[in-house]
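>>> Any chance you can model this:
(2 chains)
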Amino acid sequence: MSPPLLTRWLLQGEWRSHRLQSIVAVLAIMFGVALGFTIHLINTAAVSEFSAATRSLSGTSDLTVRALRSTFDETLYPMLSQHEGVARANPVLEITVGIPAKAKAVHNPVLKILGLDMFRAISITPDLLGVPAEDKPMDMLADDAVFLSPAAMEWLAVKQGDSITVSMGTEQITLRVAGGLARAHAGQRIAVMDIGAAQWRFDQIGQLSRIELKLQQGVNHTAFREMLGKELGASYLLTESQDDDTRAHNMSRAYRVNLNILALVALFTGAFLIFSSQVLSTIRRRSQLALLRVLGMTRRQLLRQLLLESGLLGVLGSLLGLALGYLLAAMALRHLGADLGAGFFPGLEPQLHFDPLAAIFYFLLGTGVTVLGSLLPAWEAAHTHPAPALKSGSEYTVLAALRAPRLAAVCLLTGIIFAGLPPVYDLPVFGYLAIVLLLIGSMAALPYLCGLLFSTLLRALNPSKSNILYMLAVTRLSNASGLAAIALGGVLVSFSLMVAMAIMVTSFRVSVDNWLAQVLPADLYLHPIIHQDMRGLTTDEQQTITSLPDIARIDFIRSIPVTLDPTRPNITLLARPIDRNDPGLIVPLTENALSPGEISPDTVPIWVSEAMVDLYGFKIGKQVTLPFADPSQLFIVAGVWRDYGRIFGAIQMELSDYRKLTGDDHVSDAALWIKPGATIHTAISALKALPFGDTLEIMETGRVRAVALKQFDRSFAVTYLLELVAIGVGLMGVAASFSAQTLTRIREFGMLRHIGLSRRQIQRMLTLEGGLLAGFGIITGFLLGTGISLILIFIVNPQSFHWTMQLYVPWAWLVLMALAVLGAATLTASVASRRAASGNVIRAVREDW
Amino acid sequence: MSHTPVLELSDISKSYSDRQVLSGLSYSLAAGEYVAIMGDSGVGKSTLLNLIAGLDSPDSGEIKIDSKILPVEDEAATILRRKYLGFIFQAFHVLPHLTLLQNVSLPLLLNHLSLDRAPAMLAAVGLQGREQDFPHQLSGGELQRVAIARALVHRPRLILADEPTGNLDQDTSREILQLIRSEIKANQASAIIVTHSRLAAETADRILVLDRHGLTPISLENRK
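Residues are numbered from 1 along each chain as shown, chains lettered A, B, ... in the order given. Coordinates of the predicted model:
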């Protein structure tokens, strides 16, 4: 270990004399750590809030029995309550209703009402018991009484004794606020009423959503669950609270991982920045470091000194990053919500909690990445031969160590192989590794490619006719390509990321827009106030709408949530009129579907979204059973369609088949085509004039598309922010690299001034070098960025979100970005060149330090 | 002057690629002795200094400093170098971001010695009151004074100087050479100065010429 005083002097000396580079390195690490930590804090807050809220609904129960359909017959309850091993059973009916008073201000204004047997609930979910007024204890059982959580009361702006109107389908029901709840989860909007009253009021007589079981002491939970599962058969699901946690975790996992990866990209860019500034720093200080070795500093001491130098910057950057991350998380939770605008956790008000373990992880990550970034240059500096390193001009030999065409080839090849590998635990691990390998491989190939291009250019130049400055610039780029490549790395990383994200986001947005055009062919869409309303529209109401004079065609759609796996979010079943001979007219198929001849008469065709193929293995031609129908009924996957709306999976089937199998003739939505000559305005007026017209949400196709695209842009807002940070860090790297190179080359400039080049000529030469280099960086960055975008589009997106998209390259935007980066890099080179051409360069030739 | 050798070279050979630089070189330097080594360019003067400093290792032969065999292993050679050797370079080699006092203190810190001697050494080379200056505030001659102070501050047994006046004008060179000699003698160190300069060589107790036959003692008259 070096003496502490010496270590301190060397650290202070280096940082004091190169403040800009040190600040840039700290900022790079700070942003990377801050973004990662922010995303972690927000997601943890959201997921734990979601889990806590879900858990508060099941109280102290050991096991919950649900049906694969949304409700089941209550005859199961007496059987379970008397089942051996069961201490207590608590029946629950859970109903999601709309709040008409909020319909104009809030999109999809839902309130969850729990119907509870108050006498049973007292032992399992005591927190959810209603607290009636002292003089009205029987309100607990009253058929019009509802008890609201504080958050629900605040949201609805009501107090005990007031009335609220809720809707189910087109029906409106008025309930009396009889009081609050014993102890509701903070921020959770929920209502409770007597189960019998709920069944009657909401037309769910004899139906339950779930039964919570408290097992007798000593009963083995796992064995009981297994035994009861077998007893109840495949139509029922048995879940424990950890299943809900997993479900909440799975809901936002892909989105969360993708955001984290973007944050890591910022951190990676920061690490590269550390690497390039450390390379330049060790080149600049080559003779100084050699002197320390000559004076008696061992290799190990020097290596430690250099790693400490960057490590401390990493520590500072990481600490600042944690503070900034916490601040950003608080701001994001306040302004964007728990899901950062992605829509996974509506109605939650998560609280931000500092997570010390995560803080330690991100701190170690930031510091580790910094040390890793400086490891290679520090190793090279510590192991270089001190005697030749003392002589000026030896600095160019250091770059030979960084020339690694074999490493480049191996990384690029492995990257390409990784791109073809399947996901790991539903995550595109190899896809991301492929991106990292492509970045590292391209970086390692840069010195070689740079030398190749500029030596070819040099050979093509005629020395007697070419401009001397141009000759000097090209000669240097050709002969000192290693050093040039260090500065080029910043341009390459930032521009390739810009290109990759621009191509990916454009492809996604255009694909979504095209998809919307295909899935929204009608003129108008309507549904009751909330989506997937349990009741929806009755046959009479459907008939009333159909008989309106301005309507040319109407497609009714039944949309219900279906549970296929208790640890995964529900999938959506959409039953609608589909032409079996040409399903592509309605369903946006990704490939050829089965023809009617290929569908056996005893199976019912279904068309599944891409997510169903990835998550549940529903491949074309596969025969499956579905929980809403009799287990003996087989369905056949007749086609796969693209769905950007439901990443957890969706199934489409013919409405007639659905009705035949379930007897459910209600519908959730309707798509309406207007007769030629009629206007949308008159059609909407006619719909609103219906007896139940004011309970309908009617939207023109244009508005639906606009809302969907707005939602798209909102969910990408954070992505854009992260991209901007990564680019900003990259450009800072360009500035730092050029500035550091100028210091490294100060003797060279002094010599040029001595042999007659003016300051202005040196400035022009450096600007030219910067421009040529940036131009080359932009071309390679474009190629690399396109490669990364292909991985994002064809590997990462399908494996994360289970959707595919078409490739669209935003040429105009890319040209603009290329010009902006070229301008920024040239400007930076120009500013750095002013310093290079200043008076002290002449002195640098005389003095060898 | 003690006659115990501070440096013993026994049958040293060194080649680079297919070029033999040193072949079977043997020499013994007595404690307190100050010798100058001259020779044509490329004859191996710097190579010899690098071998003595442990910055390079001989293909064959043995080097002893203060009766201790110079190890081949880098870590051990470095520890021996930091304790027994001091260096003066043509290009001064002072760290630009450290003050003069800090530069001179480097060998003391590396040897875990008290820093008390550093201001005294700066004063001895005529830089009293300049302790907190930075190298960019100094002339070439002044920088070489700093290097001399740094070379001697930890009382090494042997000073190796490689063209110490190569970057200086004649007047400054004379002044610096006198200072090197007087300080080396005052600190009871031995020294090897490698130089092309007659002026520099004349300040040494003995002059040796390095050629393919090895080190041969001469008087300056013989070199004319």
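>>> The closest residue to A:K619 other than its chain neighbours: neighbour count?
With sequence-adjacent residues excluded and distances taken as CB to CB, 6 or more residues apart in numbering or on different chains, A:K619 is closest to A:V613, at 5.8 Å. Backbone N, C-alpha and C define where each C-beta goes, glycine included. A:V613 has 19 neighbours, counted by other CB atoms under 10 Å in any protein chain shown.
>>> Can you name the residue of chain B nearest to chain A?
Residue nearest to chain A within chain B: B:R82 (2.1 Å; CB to the nearest CB).
>>> To which secondary structure element is that residue assigned?
Per DSSP states H and E: B:R82 is located in helix B:74-84.
>>> What does the residue nearest to A:K619 show for phi and psi?
phi -70, psi -50 (degrees, to the nearest 10).
>>> Read off the pLDDT value for it.
pLDDT, A:V613: 89.
>>> and what of the one 4 residues further on?
Reading off the per-residue confidence, A:G617 sits at a pLDDT of 89.
>>> That one and A:V608, how far apart?
The gap separating A:G617 from A:V608 is 10 Å, by CB to CB, to the nearest Å.
>>> Please say which of those two ends up with more neighbours.
A:V608 (27 against 10).
>>> Just read off the phi/psi values of the nearest residue to the more buried one once chain neighbours are set aside.
Excluding the flanking residues, the one nearest A:V608 by CB to CB, 6+ apart is A:F618, at 4.6 Å. Main-chain dihedrals, A:F618, degrees, to the nearest 10: phi -80, psi 80.
>>> And for A:T282?
According to degrees, to the nearest 10, A:T282 has phi -70, psi -30.
>>> what's near enough to touch the residue of chain B closest to chain A?
Applying CB atoms under 8 Å, 6 or more residues apart in numbering or on different chains to B:R82 gives the contacts A:L295, A:G296, A:M297, B:P107, B:L110, B:N111.
>>> Could you list which of those belong to strands?
Among the contacts of B:R82, no member falls in strands (criterion: DSSP state E).
>>> among those, which two are most distant?
Largest separation among the contacts of B:R82 by CB to CB: A:M297 and B:N111, giving 11.1 Å.
>>> Need the single longest helix in chain B, by residues.
helix B:170-186 (DSSP state H).
>>> Any buried residues in it, and which?
Residues B:T172, B:S173, B:R174, B:E175, B:I176, B:L177, B:L179, B:I180, B:R181, B:E183, B:I184 are the ones in helix B:170-186 that count as buried (16 or more other CB atoms under 10 Å in any protein chain shown).
>>> State the phi and psi torsions of the residue nearest to B:N103 when sequence neighbours are not counted.
Distances taken as CB to CB, 6+ apart put B:V94 closest to B:N103, at 4.9 Å, once the chain neighbours are dropped. When quoted as degrees, to the nearest 10, the phi and psi of B:V94 stand at phi -110, psi 150.
>>> residue contacts, the residue in chain A positioned nearest to chain B?
Distances between chain A and chain B by CB to the nearest CB are smallest at A:G296, namely 2.1 Å. Applying CB under 8 Å, 6+ apart to A:G296 gives the contacts B:T78, B:I79, B:R81, B:R82, B:K83, B:P107, B:L110, B:N111.
>>> shouldn't A:F782 be in contact with A:F495?
Yes. If you go by CB atoms under 8 Å, A:F782 and A:F495 touch, sitting 7.1 Å apart.
>>> who touches both of these two?
A:A818.
>>> Who has more neighbours out of the two?
Set A:F782 next to A:F495 and count neighbours by other CB under 10 Å: A:F495 wins out with 30 against 20.
>>> Just the element for that one, please.
Going by DSSP H and E, A:F495 is part of helix A:481-519.
>>> The following helix or strand past that helix - contacts with which helices or strands?
On the C-terminal side of helix A:481-519, the closest following helix or strand by DSSP H and E is strand A:524-528. Strand A:524-528 is packed against strand A:669-674, helix A:680-688, strand A:696-700, helix A:701-744, with contacts defined by 3 or more CB pairs under 8 Å, 6 or more residues apart in numbering or on different chains; DSSP states H and E.
>>> Confidence-wise, which of these is weakest overall?
helix A:701-744 - the lowest mean pLDDT of those, at a mean of 70.
>>> The following helix or strand past that one packs against which elements?
Using DSSP H and E, the next helix or strand after helix A:701-744 towards the C-terminus is helix A:746-754. Counting contacts by 3+ CB pairs under 8 Å, 6+ apart, helix A:746-754 packs against helix A:759-791, helix A:840-846.
>>> Output those helices in a markdown table; the columns should cover mean pLDDT and distance to A:T64.
Formatted as a markdown table, these follow (pLDDT from 0 to 100; distance: least, CB to CB, whole Å):
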| stretch | mean pLDDT | distance to A:T64 |
| --- | --- | --- |
| helix A:759-791 | 88 | 41 |
| helix A:840-846 | 49 | 77 |
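>>> just those helices: most buried one?
helix A:759-791 (a mean of 22; mean count of other CB atoms under 10 Å in any protein chain shown).
>>> that older thread, could you dump the buried residues of helix B:170-186 to JSON lines with distance to chain A and pLDDT?
Shown next, in JSON lines, are the buried residues of helix B:170-186 (distance: CB to the nearest CB, whole Å; pLDDT from 0 to 100):
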{"residue": "B:T172", "distance to chain A": "13", "pLDDT": "82"}
{"residue": "B:S173", "distance to chain A": "15", "pLDDT": "85"}
{"residue": "B:R174", "distance to chain A": "20", "pLDDT": "87"}
{"residue": "B:E175", "distance to chain A": "18", "pLDDT": "84"}
{"residue": "B:I176", "distance to chain A": "16", "pLDDT": "84"}
{"residue": "B:L177", "distance to chain A": "20", "pLDDT": "86"}
{"residue": "B:L179", "distance to chain A": "20", "pLDDT": "84"}
{"residue": "B:I180", "distance to chain A": "18", "pLDDT": "84"}
{"residue": "B:R181", "distance to chain A": "22", "pLDDT": "88"}
{"residue": "B:E183", "distance to chain A": "17", "pLDDT": "82"}
{"residue": "B:I184", "distance to chain A": "18", "pLDDT": "85"}
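>>> Which positions in chain B make contact with chain A?
Proximity of chain B to chain A, by CB under 8 Å from any CB of the partner chain, involves residues B:46, B:50, B:53, B:55-56, B:74-75, B:78-79, B:81-83, B:87, B:89, B:91-98, B:102, B:106-107, B:109-112, B:135, B:140, B:143, B:150, B:167.
>>> and those, which are buried?
Of the residues of chain B next to chain A, these count as buried by 16+ other CB under 10 Å: B:46, B:50, B:53, B:55-56, B:74, B:78-79, B:81-83, B:87, B:89, B:91-95, B:97-98, B:102, B:106-107, B:109-111, B:135, B:140, B:143, B:150, B:167.
>>> Now go through the residues you listed and say which are in helices.
B:46, B:50, B:74, B:78-79, B:81-83, B:102, B:106-107, B:109-110, B:140, B:143, B:150.
>>> ok, which stretches of the stretch 51-200 of chain A are helices?
Ranges of helices in the stretch 51-200 of chain A, per DSSP state H, counting those that start in this stretch, are A:76-81, A:118-124, A:150-156, A:195-201.
>>> Turn the ones you listed into a markdown table, including mean neighbour count.
A markdown table is the format used below for these (neighbours: other CB atoms under 10 Å in any protein chain shown):
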| stretch | mean neighbour count |
| --- | --- |
| helix A:76-81 | 16 |
| helix A:118-124 | 17 |
| helix A:150-156 | 19 |
| helix A:195-201 | 19 |
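>>> Spatially central residue in chain B, please.
For chain B, the residue nearest the mean C-alpha position is B:L160 (1.3 Å; CA atoms, centre = their mean).
>>> Check which helices and strands the helix or strand hosting that one is in contact with.
Here B:L160, judged by DSSP H and E, is contained in strand B:158-162. If you count contacts as 3+ CB pairs under 8 Å, 6+ apart, strand B:158-162 packs onto helix B:45-52, strand B:85-89, helix B:140-152, helix B:170-186, strand B:190-194.
>>> run the last query once more with 7 Å
helix B:45-52, strand B:85-89, strand B:190-194 (3 or more CB pairs under 7 Å, 6 or more residues apart in numbering or on different chains; DSSP states H and E).
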